[in-house]
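**Student:** Provided below are the primary sequence and the corresponding predicted coordinates.
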Amino acid sequence: MHTNLKTPLALAISLSLAATATNAQESNTEGDFDLDPIVVTSTLGSETVNESLSSVTVIDPEMMERQNPREIADVLQAQPGINLVSNGSYGKTTSVYTRGTGSESTLFLLDGIRIRSATSGGAPWQFIPPQLVNRMEVVRGPRGSLYGADAVGGVVQGFTIPEGDQDRQWAEVGGGSFSTREAGAGASGKEGNTRYSIQGNHVDTEGTRISEGGEDRGFRNAAGSASVEHEFDNGATLGVLGLRSQGKTEFDGGSNEFVVQTLGVKGETPVTEDWTTSVQMSESRDEQEFASGSIFDTRTRTARWENTLDLGRHEWIAGAEYYVDDVDTTANFTEDSRDNTSLFTQLLSQYDRFDTQLSVRWDDNEGFGEEVTGSVAAGYRLDASHRVRASYGTAFRAPTFNDLYFPFTDFGFGFQFEGNEDLDPETSDTVELGVRGQYQNYYWDLALYETNVEDLIQNQADGSGVTRPVNVDEARIRGAELTGGMMRGNWELQSALTLQDPRNRSDDPAVRDNRLRRRTIQSARVDVDYSEGPVSFGVTGIVEGDRYDDAENNDKLPGFATADLRVGVSLTEKLLARFTIDNVFDRQYETAQDDLAAGRAVFASIRYGAP
């Protein structure tokens, strides 16, 4: 299906500019949409989005509640700098490309715990129920100097623990298209100096067809999360948290059973009035067993130590991290374990209108030796409402176990794949310029960036029908992101426009100057909500341009535009009815070749208690 992008793109740009056409003199404090929320992912400490020297998007609890998404992909799609690719809907493999970098180059943290498959390198986005995620932070740009490998394009962090100390209990049931059934419940609160949270969710759907003429492919997932944290009289805290998601997903040619699990223990204590130290021990598992009998189980165990010193106008953070990846698979991998040791430090400084962020990290990877990454950022406040920022940062990504060792395999889909043990790690450097306007009822943010990646790892056909990962000598990604938000009376609006040019700059004439595979060059998203008394309604519009499914740019996938509608009605003080229609106009599109997205989907639910 070919879609005319001019009209919806023009609409998205107009709405973005409408959000940026601000008037600092207007005043209206109605609504619950936070125009300048607190974030913790960009600096390892607390700051507002306006204070951050990074480009950050926050998906807050109110937005998660209003949109009532079926998958994490629903809230991430077309967010600024985000390009999402899925092999179908409802539990099918989902990849997140941030600022044109590879799908393995977006680091996913869940409550501070690194979560990914060590074999594929990607995060199991499709297996994390959004009903258990309270809020999300999306930091765009390299964060290798804080988080090490994989944070080339950026970091997405989800939080399962509800904000605040008040007691909350909730329960929800719902159902809709494709025989989808869902139920969940949870409780959180505080008893004395102890906070707790426990919640669970179950979804079962017959799913939709993935390919033309194919059968419906279902998905089943049962998940839960829990946490408990105690604060001692001296200000020290000790907490335990975990999440487990397990089920089964079907695809053309078979199915697989999965388990995603995290478990962490964190302690923090003040050493002196100005010095705080913390230690976190965690384990994450990604286990998948296919109907064919193939098993790919990975486990990552991490120990992280951080020290924070408050030095007046300066804050200094220093620490160390060690993690080890273990692989248990029926595939014949040459290696099945790899560890990484690192030291890192960061200095934040404030001088009246001027502030800086300096960070550096040393990593010693068992498979690829030592890497040093760093970043420097500066911001200057022009006046009470406007601020400019500039940054430069480096990052790296080590090849995954699949990249290196995956055995020669015919998947039965018309192509063959094998690993490449001659791969080198990716290295990158990024420069970014940004300016932000922050007002009482509006904000706007413009960011311009260029990322240069050496030895970019990309799957590429060799001409004999075999696909293998190769190092692209050089890739250059240029982009611009314009975001805006507005709160006026009962109306709330957020919009994002992304334009990027991800190019292969290698010496290979067959692919030089081609667009990097599966990256679109334009996307836009608009979320508009209105509430009046017990009733609220909203719409999300998404536009994405075309993309190529292959490195040679022969297989072009058309762009698309979709719209989602939502309505909420408070029946009583604690009883809420919600109704959503996704893909209202029943657009047929695909972000990966021969893998169709779902058509129109209707879902209704009843929720008791606070969100």
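**Tutor:** Looks like it came in fine.
**Student:** output the below-cut-off pLDDT ranges for the chain.
**Tutor:** Counting by pLDDT under 70, the chain has low-confidence residues at 1-33, 410-415, 610-611.
**Student:** now do the helices in this structure.
**Tutor:** With helices called from DSSP state H, the chain shows them at 6-20, 61-67, 72-76, 144-147, 401-405.
**Student:** burial count for Ala510?
**Tutor:** The tally of other residues near Ala510 (other C-beta atoms under 10 Å) stands at 12. Where C-beta positions appear, they are placed from N, C-alpha and C, glycine not excepted.
**Student:** how about the residue nearest to it when sequence neighbours are not counted, what does it touch?
**Tutor:** With C-beta to C-beta, 6 or more residues apart in numbering as the criterion, Ala510 has its nearest non-adjacent residue at 6.5 Å, and that residue is Glu552. With contacts defined as C-beta atoms under 8 Å, 6 or more residues apart in numbering, the neighbours of Glu552 are Ala461, Ala510, Val511, Asn514.
**Student:** cool, Ser86 as well?
**Tutor:** Contact analysis of Ser86 by C-beta under 8 Å, 6+ apart lists Ala73, Lys92, Thr93, Thr94, Ser95, Gln126, Thr591, Ala592, Asp595, Ala597.
**Student:** 10 Å instead?
**Tutor:** Contacts were defined as C-beta atoms under 10 Å, 6 or more residues apart in numbering; by that measure Ser86 touches 71, 73, 77, 92-96, 125-126, 210, 590-592, 595-598.
**Student:** could you do Gln438 as well?
**Tutor:** So Gln438 contacts 22, 24, 35-36, 48-51, 384-387, 444-445, 485 (C-beta under 10 Å, 6+ apart).
**Student:** and what of Phe537?
**Tutor:** Phe537 is in contact with Arg66, Val528, Asp529, Tyr530, Ser531, Leu565, Arg566, Val567, Gly568, Val569, Phe579, counting by C-beta under 10 Å, 6+ apart.
**Student:** so the fifth one versus Ala563, what's the distance?
**Tutor:** Separation of Ser531 from Ala563 (C-beta to C-beta, to the nearest Å): 19 Å.
**Student:** need the contact list for Val271.
**Tutor:** Applying C-beta under 10 Å, 6+ apart, one finds that Val271 lies in contact with Ala236, Thr277, Asn307, Thr308, Leu309.
**Student:** could you redo the last one with a cut-off of 7 Å?
**Tutor:** Under the criterion of C-beta atoms under 7 Å, 6 or more residues apart in numbering, the neighbours of Val271 are Thr277.
**Student:** in CSV, list the C-alpha atoms belonging to the longest strand seen in the chain.
**Tutor:** Longest strand in the chain by number of residues (criterion: DSSP state E): strand 466-488. These are the backbone C-alpha positions of strand 466-488, laid out as CSV (Å, rounded to 0.1, in the frame of the first residue of the first chain):
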residue,chain,number,x,y,z
VAL,A,466,23.8,-16.3,2.3
THR,A,467,23.2,-13.4,4.7
ARG,A,468,25.9,-12.6,7.3
PRO,A,469,26.8,-9.7,9.5
VAL,A,470,29.6,-7.5,8.1
ASN,A,471,31.4,-4.4,9.2
VAL,A,472,30.3,-1.3,7.2
ASP,A,473,33.5,0.8,7.0
GLU,A,474,31.7,4.0,7.8
ALA,A,475,28.1,5.1,8.3
ARG,A,476,27.0,8.7,8.7
ILE,A,477,23.7,9.6,10.3
ARG,A,478,22.4,13.2,10.3
GLY,A,479,19.2,14.2,11.8
ALA,A,480,16.8,16.8,13.3
GLU,A,481,14.2,16.4,15.9
LEU,A,482,11.5,19.0,16.7
THR,A,483,9.2,18.2,19.7
GLY,A,484,6.6,20.3,21.4
GLY,A,485,4.0,20.1,24.2
MET,A,486,1.1,22.2,25.3
MET,A,487,-1.4,22.3,28.1
ARG,A,488,-4.3,24.7,27.8
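**Student:** for it, buried residues please.
**Tutor:** Residues of strand 466-488 classed as buried by neighbour count (16 or more other C-beta atoms under 10 Å): 467-472, 474-479, 481-487.
**Student:** again, but for stretch 365-372
**Tutor:** By neighbour count, and taking 16+ other C-beta under 10 Å as the criterion, the buried residues in stretch 365-372 are Asn365, Phe368, Glu371.
**Student:** repeat that for stretch 38-47.
**Tutor:** Residues Val39, Thr41, Ser42, Thr43, Leu44, Glu47 are the ones in stretch 38-47 that count as buried (16+ other C-beta under 10 Å).
**Student:** thinking Leu516 is in contact with Asp501, fair?
**Tutor:** No - applying C-beta atoms under 7 Å, one finds Leu516 not in contact with Asp501, separated by 9.8 Å.
**Student:** quick one, which of the two is more surrounded?
**Tutor:** Just comparing Leu516 and Asp501: by other C-beta under 10 Å the higher neighbour count belongs to Leu516, 27 against 16.
**Student:** where's that one relative to Asn83, distance?
**Tutor:** To Asn83, Leu516 is 10 Å away according to C-beta to C-beta.
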